[in-house]
Structure formats: C-alpha cells, structure tokens
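1. Show me the folded form of this:
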Amino acid sequence: MHDPAPERVAPRQLSRPLTPTIALLATLVMSLLPAGAALAATPTEPYGQQPVTVERAAKPATPVAPVGRRAGDPRAAEPPKAVIIVGPVEGLSNLYLGYGELWAERAEAQGMDVRRLFTPNATWSAVLDNIQGAKLVVFLGHGNGWPSPYSPFQEDTKDGFGLNASAGAGHENVKYYGANFIRRSVNLAENAIVVLGHACYSAGTGESWQAEPSLSVARERVDNFAAGFLAAGARTYFAYYFEQTRNMVADLFDSHKTMDELFMQPGGSATYSGYSGTNAPYSDSIRTPGARIHLDQAPGYGWYRAIAGDLQMTTDEWLGAPVEPDTVAPDLSRFKPVASTVTFATGGPASTRPVVFTPNGDGTTDSVGVATTLSESSYVDVVIKDLADNRTVRRFTSWVTLGAGSVTWDGRKTDSTFVPDGDYKLTATPKDRAGNVGAPAFAEVAARTSLRAPSATPALFFGRDGDTLAPSTRLDIRLTRSAVVSWKMFDRAGELIAVNLDKVETAPGVLTWTWDGRKADGTWASDGLFWSTVTATTDSGSYRHRFAVTHSAFKLYAPVSTAAAGTRVTFTVTSAETLMQNPTVMVSQPGLSPYRIFTTKTGTNRYRADITFKPGGPGAANLRVWGFDVDERGQGSDFSFTVD
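-> I've put the predicted structure just below:
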C-alpha cells in the first residue's frame, strides 16, 4: 500500500511525519504482487548510490519472436524503448525504487530497450536524454496537478513530472516540470503509452488531508494531467494511485486487448489494485479534442484509477505492425554547428576556427546549437566524445522535424556537470519512427570557459552631457584561469574606439573597466551601441567574448523594423538618466510636417510611445526622442524607422 502523506505536501515541498511505517507499506505492497515479484524487485544495494543509466544492457529475457514485436512485423529489428522514471519521494524513495525496478525487469523480459532514470539522478536533463522515441513511459513519484489548493493554474510546474532538481543530491530535492515542458520538449514514439503511478492528482484523487473530490473535479484533474503527455505523442495515458496487481507490460505484449480492456482487468483483494467498475464513468476530454476519459472509483477509497486518450487502441497497434512498411532510412544531409554572435574563436584562418561555446553556467553561450537538414522527421541520437581521449561524455536523443531543424547540446556531461575546456566531437545518427537508421553525421565544437559572467552596469549611460547622473558604465568579467587578455571597445561598424588591456598576462579574478564614452584620444565617441570585447588565450586556445553597452541619452525599441502608413506601432523609450518629466518623440516623415508624440511612463526610466504613421510620407522617418534630466539639461537621441 502507498502512504499518500508525502505525496500531498509535495507541491509546496513541506515536511511532515509519515503516517504508517515503511515496513507496513512494504508488507502490504508485497501482498498485492504475484508470488516472488516483490522479492525480485528488492535491490541488493542502496538505490541512492545508483547513477542514472543512459544505456543499460538488457538482462536475460524471455525469448520473443521477433524482439519487441509481433511475429511477422516487418519493423521487428528495433526493440521498443521503455523509460522508467522514479522521482524523489523522501522517506518512501526506496519503496518506489523497488516498484521502478520491477517495471524495468518486466519490460526487459519482453525484450524492450529499458532506460532506468532513478532518484537521486532523475533530473530533467536525464529525462530529455532518454525519453525521445519511447514506446512506454512509466513515472513513479510526486504529482502536482490542478485543480488544487496551489493557485494559480499554470503548466510550467503542474501536470508533469516531479524530478530531482539536481543529480546526486538525495531524495528530497523535488522540482516540478509541468505540461509545458512535456509538450515543448518531448516527442514519444507512435502509439506510445504513459503510465503514472502514485502521483497525486493524476488519477483524480488529490492529497490525504483533502476530502475526496467530486466527479467533475476528478475528471478535470485527469484531463489536465493527460493533456501534456497526449500532446507529446502519447496515444493513451494511464494513472494509478496505487500499484496494480497485474503485469501490465506482459499484457501489452500478449493480451490482444484494447487499452480500455487492459484498464478494466480485475486486481487482487484490494479494490484499488485493479478495476472496480462500481462507479466508472466515461466522458469526452475538454483539453484534448477527440480523447476519451474513463475513471474508476475504488469503493471506500477514492478516484484511484484513470485512463485517457484513445481507449480503443489495441495492444497490437501499440506494438506497431504497419500495413505498408517504411524501409527508407532518413538522410541527415546537414549537421553543422551554429556560431554564436558574441563568442567566437580567434587566431588562424577563419575557415579552420572551431565553433566556440562557454558551458559554465553564467547564462551566456552555455549551449551550442547544431543546424540539421533531414529527409524526414526523425529521432536523432547524439553521442559526444572528448577528442582528447575519445571518451564518451554524453549521449541524448532529440526529435527533429523534416527539412531544416536543429539539435542543442547544453554543454553538460551525463552526470549533469559541465564539460571542461576541450574539443568535442558530436556524432548524430537519425532514426525514423519505423526504426530505419540513417548514416551518421559528424561535427566538432570547442568548449572554452576561462571568461565568465560579463556584465555592464548600467548597460545604458550618457557621459557626454558632463553631469553625474549616468556618467559611465562599469564593465566586469571574471577570469577563471590565468590567460593572456586583451580588452577593447569597438563601435557597431567594427572600428576600434578604446583599449583597456592589450595582450596582458592576467591572473584569475574579476576584471573591471569603467568607461565614460571617450575614445582613446580623449574625444567623445558618437552616440550608439558599442561592443566590449575580451579576448583570452590559454593552452586550450584563444577565443573572444563581446557584450553590448550603449552610450546615448535614450534607447528606442520597436517589435518591428518597418510599418505601413496608417499602422500604429508601440515603441519603448528608455532613458539613461532620470528625467524631470516624460520625454516626447518628434516624428519626421519624408514630405510631411513633423508631429509630436507624448509618452506614458511604464517603469523606472521607461516610457511607451504609440505612433500611428501618417499616409503620404513613405521612406525613412526620423524619430527624435527629447527630454530634460533632473538637472534640467535638455538631451535627445535620433533614430530611423522605415515607413512603407
């Protein structure tokens, strides 16, 4: 039996004593399982010390012919993938890990390619590395659904997985990845099934301290929880508040039943361990048009079982025997790293310079994208090796659509830590839904991390007027290791404006430069955007990082670069200095008299200008922003905007 107490506090990550003892829970669970099954699931070493298994060789399995498919299925060569996820559930984690291991062993017995993602290493990055293309996904852990006491309703944290916030940090560091993450980043195999176990709200029942919900609330919870998974490619969603007696994996392979028939199979002596049927209403989904929902209330308990999606899909369809087999392998004709606009290698011919990224967690070029071109939408398996020793540091799978697309590496190793400086080779192998595998493609990238956390404070300043309101900007960057450093300022056109350091041996630490907008000869630079550019050379190589700063009285932003006459465009005006009153914008269109627009204040030094451009004056319009600072100095900036 499952103690709901820790489930119920999970959305707020509170801590309170467990009601029954863990020993009693284990005893009751064993009573629900077939003879010998519970003992087989008991680990012989602490689960808390097991690493995330990205690829695991299958244990000896009961022969099936062909592996993972019905006999005669022409796509039988590729075993279907099962991803078993056990999230952190505090004091019940070892119990849940036993459940997860039992699911994994049952899947392996059917010849499935099983991926174990077990707490304390069940992180979102580990899930993304393994879940793409999965035929069966099982999640055991905390649930955070809606309706619940934890408003407002949003799906960044609700209706998804409760995972480890970081790897190897125990069984209490819960972080929720909701339906938005699922539908945005997960692509499951055709006819995939998702099973949620023990997750509060997922089957309709909430938390132990709550009264049992009405049918309408239970149905809404299931509809919400299922929506993200169905959008990610699942065809059917199951949710069980307690472990079920039957071996569902074996039934998927051998029963020739519909999903609803699987759901309606009886369990053991406990009414919640299988189908009850005493109060088991059907309804149409609101969140997922065309989907159906079937709830099953356990007498004397609650809404402990649910199924949603395509209830009539058969186990034979799940196994995927096609009418007309696809035998054409996907072609990955382009696999090319995308260079950053702010971080790039230096030295040597441009054609030989690697694409550089900086995986150090500062939020700037931490990841690297690789552009792809595919002949058909496919799963792309990516293996990353350190070129220094040919050691594999990471492997993951991404779903990439037909034509132009991309995959992204976040610079992390399998254990979720960042890779060190070095050169890395990416091998990408496409595989379509039918299991056809295409030829691999290759790319190389360079990780360089000696420069960290560049910043400009403030990023907009105005030194030319001579007052003390915003006279300069402080530029900072951290050097993480000794390097030869150059630090220079360039304008937008690439002209050298000022020099702070020029090929200076520099020790690790925070480097600082205060710039007031003057050029090297002491004269003022023109108003506009400038690039603070730092170059670091170490034994790993040389690379350059640049970050922007603006020397001007005002900045002007619009969501579009051109507009037709008669169109209203909302501009955002930002002032470098505190003003006496709202600035104005003087609009000068070709062939028309200038006209003035008044602004509305929206925040500190921020204003909104709504401009409807007049007909009859197409071409480049001049927008002059003008205002008075608190020292009563008038100041303005000019901008150009194209009117069609």
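2. and the residue nearest to residue 635 when sequence neighbours are not counted, what does it touch?
-> Here the nearest residue to residue 635 in space, its sequence neighbours aside, is residue 553; by C-beta to C-beta, 6 or more residues apart in numbering that works out to 4.0 Å. Heads up, the C-betas are built off the backbone N, CA and C, glycines and all. With contact set as C-beta atoms under 8 Å, 6 or more residues apart in numbering, residue 553 has these partners: 462, 465, 527, 575-577, 625, 627, 635-637.
3. Swap in 7 Å and give it another go.
-> Residue 553 makes contacts with 462, 576, 635-637, as judged by C-beta atoms under 7 Å, 6 or more residues apart in numbering.
4. Just the closest of those to residue 488, please.
-> Nearest to residue 488 among those, counting by C-beta to C-beta, is residue 462 at 21.6 Å.
5. Using JSON lines, lay out the contacts of residue 553 together with secondary structure, distance to residue 417 and pLDDT.
-> Formatted as JSON lines, the contacts of residue 553 follow (DSSP: H, G, I helix; E, B strand; the rest coil; distance: C-beta to C-beta, whole Å; pLDDT from 0 to 100):
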{"residue": "462", "secondary structure": "coil", "distance to residue 417": "43", "pLDDT": "97"}
{"residue": "576", "secondary structure": "coil", "distance to residue 417": "40", "pLDDT": "97"}
{"residue": "635", "secondary structure": "strand", "distance to residue 417": "49", "pLDDT": "95"}
{"residue": "636", "secondary structure": "strand", "distance to residue 417": "50", "pLDDT": "96"}
{"residue": "637", "secondary structure": "strand", "distance to residue 417": "45", "pLDDT": "96"}
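6. What residues of stretch 593-604 count as buried?
-> Buried residues in stretch 593-604, counted by 16 or more other C-beta atoms under 10 Å: 597, 599.
7. same question but for stretch 257-273, I mixed them up
-> 257-264, 267, 270-273.
8. Let me know the average pLDDT across that stretch.
-> Throughout stretch 257-273, pLDDT has a mean value of 85.
9. how far out from the middle of the chain is that stretch?
-> Distance of stretch 257-273 from the chain centroid (C-alpha atoms, centre = their mean, to the nearest Å) equals 35 Å.
10. Any idea how far apart the tips of that stretch sit?
-> Across stretch 257-273, the terminal residues are separated by 19 Å (C-alpha to C-alpha, to the nearest Å).
11. quick one: which two of the buried residues of stretch 257-273 are the most distant?
-> 258 and 270 (24.5 Å).
12. Can you verify my assumption that residue 585 contacts residue 627?
-> No: Residue 585 is beyond contact range of residue 627, at 9.9 Å (criterion: C-beta atoms under 7 Å).
13. And for residue 494, the neighbour number?
-> 7 (other C-beta atoms under 10 Å).
14. The one 3 residues further on too?
-> Number of residues near residue 497 (other C-beta under 10 Å) recorded here: 19.
15. give the contact list for it.
-> 489-491, 519, 525, 530 are the contacts of residue 497 under C-beta under 7 Å, 6+ apart.
16. With residue 224 instead?
-> 145-146, 159, 287.
17. what's the distance between the strand or helix carrying it and the middle of its chain?
-> Following DSSP states H and E, the helix or strand that holds residue 224 is helix 215-231. Distance, stretch centre to chain centre, for helix 215-231: 22 Å (C-alpha atoms, centre = their mean).
18. Quick check: can you name the pairing partners of the following helix or strand past that helix and their directions?
-> Past helix 215-231, further along toward the C-terminus, the next helix or strand under DSSP H and E is strand 234-240. Using DSSP bridges, the strands paired with strand 234-240 are strand 192-197 (parallel), strand 303-309 (antiparallel).
19. between the ones you listed, which gets nearest to residue 327?
-> That would be strand 192-197 among the strands paired with strand 234-240, by C-beta to C-beta, at 22.1 Å.
20. Tell me the gap between that closest one and the middle of its chain.
-> On C-alpha atoms, centre = their mean, the centre of strand 192-197 falls 20 Å from the chain's centre.
21. contact partners of it?
-> With C-beta under 7 Å, 6+ apart as the criterion, strand 192-197 contacts 99, 134-140, 202, 229, 233-240, 243, 318.
22. nearest to residue 543, of the contacts of residue 224?
-> Using C-beta to C-beta, those come closest to residue 543 at residue 159, 41.8 Å.
23. Give the helix, strand or coil label for that closest one.
-> coil (DSSP: H, G, I helix; E, B strand; the rest coil).
24. re the thing from before, which one of the strands paired with strand 234-240 lies nearest to residue 340?
-> strand 192-197 (35.1 Å).
25. Point out where the stretch 301-450 of the chain drops to low pLDDT.
-> Judged by pLDDT under 70, the stretch 301-450 of the chain has its weakly predicted residues at 321-324.
26. can you check the stretch 501-644 of the chain too?
-> In the stretch 501-644 of the chain (pLDDT under 70), no residue qualifies.
27. what do you get for the stretch 151-300 of the chain?
-> 269-271.
28. if you set the cut-off to 80 instead, what comes out?
-> Screening the stretch 151-300 of the chain residue by residue with the criterion pLDDT under 80, one finds the ranges 208-209, 268-272.
29. quick one: the strands in it?
-> 161-164, 174-177, 192-197, 234-240, 282-284, 292-297 (DSSP state E, counting those that start in this stretch).
30. can I get those strands in TSV with mean neighbour count and distance to residue 348?
-> Shown next, in TSV, are the strands of the stretch 151-300 of the chain (neighbours: other C-beta atoms under 10 Å; distance: least, C-beta to C-beta, whole Å):
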stretch	mean neighbour count	distance to residue 348
strand 161-164	29	42
strand 174-177	21	42
strand 192-197	26	47
strand 234-240	26	49
strand 282-284	13	63
strand 292-297	22	61
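31. what's the closest of these to residue 594?
-> strand 174-177 (53.0 Å).
32. contact partners of that closest one?
-> Contacts for strand 174-177 (C-beta under 7 Å, 6+ apart): 10, 13, 88, 124, 142, 144, 157, 160-163, 165.
33. now the residues you listed: which count as buried?
-> Looks like the contacts of strand 174-177 have 10, 13, 88, 124, 142, 144, 157, 160-163 buried, using 16+ other C-beta under 10 Å.
34. Columns distance to residue 173 on top of these, output as JSON lines?
-> Converted to JSON lines, the buried ones among the contacts of strand 174-177 look like this (distance: C-beta to C-beta, whole Å):
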{"residue": "10", "distance to residue 173": "12"}
{"residue": "13", "distance to residue 173": "9"}
{"residue": "88", "distance to residue 173": "6"}
{"residue": "124", "distance to residue 173": "12"}
{"residue": "142", "distance to residue 173": "11"}
{"residue": "144", "distance to residue 173": "15"}
{"residue": "157", "distance to residue 173": "15"}
{"residue": "160", "distance to residue 173": "16"}
{"residue": "161", "distance to residue 173": "14"}
{"residue": "162", "distance to residue 173": "10"}
{"residue": "163", "distance to residue 173": "9"}
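35. so which of those would you say is closest to residue 109?
-> So of those, ranked by how close each gets to residue 109 (C-beta to C-beta), first place is residue 161, at 25.3 Å.
36. Who are the contact partners of the closest one?
-> 85, 87, 127, 139, 141, 177.
37. List only buried entries from those residues.
-> The buried subset of these (16+ other C-beta under 10 Å) comprises 85, 87, 127, 139, 141, 177.
38. Just the ones of those residues in strands?
-> Applying DSSP state E to these, the entries found in strands are 85, 139, 177.
39. Show me the helices in the stretch 351-500 of the chain, by range?
-> Using DSSP state H, counting those that start in this stretch, no helices are assigned anywhere in the stretch 351-500 of the chain.
40. Now do the closest residue to residue 279 other than its chain neighbours against residue 273, distance only.
-> Excluding the flanking residues, the one nearest residue 279 by C-beta to C-beta, 6+ apart is residue 297, at 4.1 Å. Distance, residue 297 to residue 273, by C-beta to C-beta, to the nearest Å: 14 Å.
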